[in-house]
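# Sequence plus the predicted model coming up.
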Amino acid sequence: MQKHEDESRSYPVQENMRWQRIEWRIQYVGYLVLAVIVILGACGLFSKGVLSSRQQLSDDGNLRVEYERFGRSDSDMNMTLRVKHLPGERFTLTIGGEEMDNFQIQSLQPQPLTARSENNRLILTYAISNQQAGATVWLGMQPQTFGRYPVTVTLNNDTRVQFTQWVYP
């Protein structure tokens, strides 16, 4: 007499097919979860990528900040600050928040006329030439610890952009 494959058996190994099917379902769900994590990681959920790249525009449109929403501790993160043409000879960019205590600035281009830090803020002053239609400032930073970091970028103590960056271990 031959048993059906879906029936429990005791030879050659003790099996309970009901529990075996439950285990197969759990295994299948685990594979799906792992596949979703890999796909989200490839899209930038844990570092650089489509899900991480963001930009914020100030209410008056004079300041646009392009940044990475997600990063990894001790890896490079970039931020680009774009300023539209402003009247006057100079403009000042202020980057503030807990980020300034946690992030080490690796590069800053172009170099400002003056740079100073005070009260968790980095204050950068740039000159404006007559032919300039706008300005772009590139920052390369490296987070030192993981966590959630709210950031505020201010142009001439007036125009403001706020966002949050997440740094994973």
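Yep, it's here. Numbers count the residues shown, from 1 in each chain.
# how about the helix or strand of the chain with the lowest mean pLDDT: buried residues?
Taking mean pLDDT, DSSP states H and E as the measure, helix 99-102 is the helix or strand of the chain with the lowest mean score, a mean of 78. With burial defined by 16 or more other Cβ atoms under 10 Å, the residues of helix 99-102 counted as buried are 99-100, 102. Glycine gets a C-beta too; all of them are placed from N, C-alpha and C.
# can you check stretch 151-160 too?
Going by 16+ other Cβ under 10 Å, stretch 151-160 has these buried residues: 151-156, 159-160.
# Need these in a markdown table (columns: distance to residue 113 and secondary structure).
Formatted as a markdown table, the buried residues of stretch 151-160 follow (distance: Cβ to Cβ, whole Å; DSSP: H, G, I helix; E, B strand; the rest coil):
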| residue | distance to residue 113 | secondary structure |
| --- | --- | --- |
| 151 | 23 | strand |
| 152 | 22 | strand |
| 153 | 18 | strand |
| 154 | 17 | strand |
| 155 | 15 | strand |
| 156 | 14 | coil |
| 159 | 19 | strand |
| 160 | 22 | strand |
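# Now for those: which two are most distant?
Pairwise distances across these (Cβ to Cβ) peak at 17.6 Å, for the pair 151 and 156.
# so which of the buried residues of helix 99-102 comes closest to residue 124?
Nearest to residue 124 among the buried residues of helix 99-102 is residue 100, at 11.9 Å by Cβ to Cβ.
# and the closest one, what is it in contact with?
117, 120-122 (Cβ atoms under 8 Å, 6 or more residues apart in numbering).
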